[in-house]
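Enquirer: 3D, please:
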Amino acid sequence: MLLKLILLCLYALLLFILAMIIETVAWYDSYLTSKLLSPVSQSVRQLKLFLDSRGLSYTKVIEKSELIELIGDSGSPSEGELIEAGLALSEDQPQHTNFTGSSHFYELVEDTKDSIWIVQVVYSEKHKLLLDNTWNELGKKVTQFGVRTGIYDCSIYYRLCEEKEWFSPRLIMAIPQGHRMKDKVLLLSYPGPNSVESIFSWLNVKLSTRINIIKSLDDLKTKWINVTKSDRYLDTPVKVVLISKLKSPPMFYSALTVKFSGRVKFGVINLQFSMDPDSRKLNNLYRKKAPVYFILTPEKTMIYGERRGEYFNTKSLDLFLRTMYPEVNDIFLLMLALVNILGSFQLAVKQGTLFQKMWSTLWRLLLYNGFLILMWLPILAVLHLPYLNSFTDFRLYLVRIYSGSDMATHIRHYWKFYKNNTKFLSLTYVVFMTCSTCIIRILQPQEETDNNNNEPWWGSTLDGVSLFGPPVNPLNQLPTTSLDEGMERLIEQLEVPTLWLQPRVSTEYINALPVWQYAKTGNHLNGETMQGSPSTLAPPGVMMDDKCVICLEEFVDSVWMCCLPCNHGYHSECIKQCLVRDKHMCPVCRQPANKNRCYKPHQS
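Expert: Residues are numbered from 1 along each chain as shown. Down below sits the predicted model:
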């Protein structure tokens, strides 16, 4: 386990170093750079790409100067944001959910807590509010903001339509009102024209109602920024405040109010419609010109968008807020990924054939995942105890401190890079596993490798596990049993079927068997020898002919012999190979080779 943890740390360090190296290469700068772009130098298509990724409508905008002004009011564009917007545009068409009944609709739409739904109610293929092309375009436009789409056919499942009074084709938007499962969900019908931009603008307006409106500078300072020291360890949610000149907040900002409901509090100050007569002072707050995205925590105040990788789109802000205030499911998924990566390193640690490596790795993955699942629920139950609230608050405090550091900024930045380049990430994993396997094979002692090769391929996997009845005891010291246990031994042997899968028997007892050198002259059946120690004298009571019954070759002088607990003698190399292959039994009498028995020596 220690070796696997070391490999995990080395792999994480390797990914970090590779990302830094790639960032310095000129031809790859466009994938990682955070360099700010001038909107004037961008084409109209690129400007609209920025606005689409931020969720700003430009239906009534005609001139390029108006597009530039709209982008400037929502945040300074960067090259990395442009690339992420292009990646989102190149994604495949979204998959719409086809509801199979009212229970399916209630389960996905009305029982959720962090999902926004756009559902098209139809009565047949011909009776639709939106055509297929318009519906697919709308789905692709809203999916990047976490909005899910679905189709409900009232001609097949009419009971829900009668209950909701949906007597004509329409578009329904579902917005959760609480932050718990099965809280109230608000269903709204779209009343406007059947165009994508009109529907998108209506959706953004409805979502922006969830944002708290800050009316004055004093309100911002007293209720949002200034936090007393006594509240530092309280469960105070992270706050996000947007100071902007836009009439309505961008869609990427409004949509996150649903996903982080109950964890993050969102506010907005509109400089054009603020009730504060000194609203212009907000432009000079922290010496930053609007728009400003403030991240307020009990510990400090940060400005989002100033550091690398902090783009004005849904994915970047979502990742930032997840690290600032992680949910239990986020922690579990992170632990699950680390556990599976840790288990996969068994491929590098395990010695043997490819099939042995794969079987052992699969067993480790099942073992680690099962252990994580079994331990996760009790841990959650313990953490929810009332007297552990202070510990939970302190844990969240540490998470916020680390997530606001420069190191966390680099990690988030490179995390998005590898997430957008999964093929390169897979290549680094294969190369790292190959190099680790070669290094471990070189450093591992040859004797240990030989011992592993003598074991069956399931040996190390089922170490200490009995699949069929009680396991056969491994022998460092051979136990002595009486003849009365013969029936029990027979039952034990019958419990182990003659299949490829058997309980593991340690091969260490083979080293304890007596060995000696054969000699034709003299009485080789007399004398004493220590178990496992080479000798020129055979142990007393050994039974053997002039030939080895395994290889059928005659015994010659100086050849090494070996005797089993049943006192049958063989060539040492022959019997050692036969023990593993033949289920650890004597080839002649089928007596277990790893158990002694009371046996009187043969007397002629």
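Enquirer: residues near Lys141, how many?
Expert: 19 (other Cβ atoms under 10 Å). Any C-beta I mention is one placed from the backbone N, CA and C, and that applies to glycine too.
Enquirer: surely it meets Val196?
Expert: Yes. Between Lys141 and Val196 there is a contact under Cβ atoms under 8 Å: 6.2 Å.
Enquirer: in the stretch 201-350 of the chain, which ranges drop under the pLDDT threshold?
Expert: Across the stretch 201-350 of the chain, the ranges flagged by pLDDT under 70 are 227-236, 272-289.
Enquirer: Just the helices from it, written as ranges.
Expert: Secondary structure of the stretch 201-350 of the chain by DSSP state H, counting those that start in this stretch: the helices cover 217-220, 251-259, 314-324, 328-344, 346-349.
Enquirer: Turn the ones you listed into a markdown table, including mean neighbour count and distance to Lys357.
Expert: Formatted as a markdown table, the helices of the stretch 201-350 of the chain follow (neighbours: other Cβ atoms under 10 Å; distance: least, Cβ to Cβ, whole Å):
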| stretch | mean neighbour count | distance to Lys357 |
| --- | --- | --- |
| helix 217-220 | 16 | 60 |
| helix 251-259 | 24 | 41 |
| helix 314-324 | 21 | 35 |
| helix 328-344 | 14 | 11 |
| helix 346-349 | 20 | 5 |
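Enquirer: Could you export those helices to a markdown table, including columns for distance to Leu130?
Expert: As requested, the helices of the stretch 201-350 of the chain are exported to a markdown table (distance: least, Cβ to Cβ, whole Å):
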| stretch | distance to Leu130 |
| --- | --- |
| helix 217-220 | 41 |
| helix 251-259 | 19 |
| helix 314-324 | 23 |
| helix 328-344 | 33 |
| helix 346-349 | 50 |
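Enquirer: So which of those is nearest Tyr429?
Expert: helix 328-344 (8.4 Å; Cβ to Cβ).
Enquirer: Asn226: neighbouring residues, count only.
Expert: Neighbourhood size, Asn226 [other Cβ under 10 Å]: 10.
Enquirer: Distance-wise, check the most centrally placed residue in the chain relative to Leu8.
Expert: In the chain, the residue lying closest to the centroid (Cα atoms, centre = their mean) is Ala337, at 2.4 Å. Distance of Ala337 to Leu8, computed by Cβ to Cβ, to the nearest Å: 11 Å.
Enquirer: separation between Trp516 and Ser78?
Expert: As judged by Cβ to Cβ, Trp516 and Ser78 stand 80 Å apart.
Enquirer: Likewise for Val147?
Expert: Distance, Val147 to Ser78, using Cβ to Cβ: 25 Å.
Enquirer: for Ala519, same thing?
Expert: On the measure of Cβ to Cβ, Ala519 and Ser78 end up 87 Å apart.
Enquirer: Settle it for me: which of these two has more neighbours?
Expert: Using other Cβ under 10 Å as the criterion, Ala519 and Ser78 rank with Ser78 on top: 21 against 17.
Enquirer: can you pull up the bridge partners for that one?
Expert: Leu36 (DSSP bridges).
Enquirer: Arg307 versus that one, what's the distance?
Expert: Distance, Ser78 to Arg307, by Cβ to Cβ: 11 Å.
Enquirer: Restricting to C-alpha, output stretch 319-339 in PDB.
Expert: Taking Å, rounded to 0.1, in the frame of the first residue of the first chain, the C-alpha atoms of stretch 319-339 are listed here in PDB:
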ATOM      1  CA  LEU A 319     -15.300  24.600 -10.500                       C
ATOM      2  CA  PHE A 320     -14.200  27.500  -8.400                       C
ATOM      3  CA  LEU A 321     -17.300  27.400  -6.200                       C
ATOM      4  CA  ARG A 322     -17.100  23.600  -5.800                       C
ATOM      5  CA  THR A 323     -13.600  23.900  -4.400                       C
ATOM      6  CA  MET A 324     -14.700  26.700  -2.100                       C
ATOM      7  CA  TYR A 325     -17.700  24.900  -0.700                       C
ATOM      8  CA  PRO A 326     -17.700  21.200  -1.800                       C
ATOM      9  CA  GLU A 327     -20.800  19.100  -1.500                       C
ATOM     10  CA  VAL A 328     -20.700  15.600   0.100                       C
ATOM     11  CA  ASN A 329     -21.100  14.000  -3.400                       C
ATOM     12  CA  ASP A 330     -18.200  15.900  -4.700                       C
ATOM     13  CA  ILE A 331     -15.900  14.600  -1.900                       C
ATOM     14  CA  PHE A 332     -17.200  11.100  -2.500                       C
ATOM     15  CA  LEU A 333     -16.500  11.200  -6.300                       C
ATOM     16  CA  LEU A 334     -13.000  12.600  -5.600                       C
ATOM     17  CA  MET A 335     -12.300   9.800  -3.100                       C
ATOM     18  CA  LEU A 336     -13.700   7.200  -5.600                       C
ATOM     19  CA  ALA A 337     -11.400   8.400  -8.300                       C
ATOM     20  CA  LEU A 338      -8.400   8.300  -6.000                       C
ATOM     21  CA  VAL A 339      -9.200   4.800  -4.800                       C
END
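Enquirer: which residues sit against it?
Expert: Residues outside stretch 319-339 that contact it (Cβ atoms under 8 Å, 6 or more residues apart in numbering): 8, 237-238, 240, 256, 260, 263-264, 295, 297, 304, 310, 368-369, 372, 376, 380, 396, 399-400, 403-404, 408, 412, 415-416.
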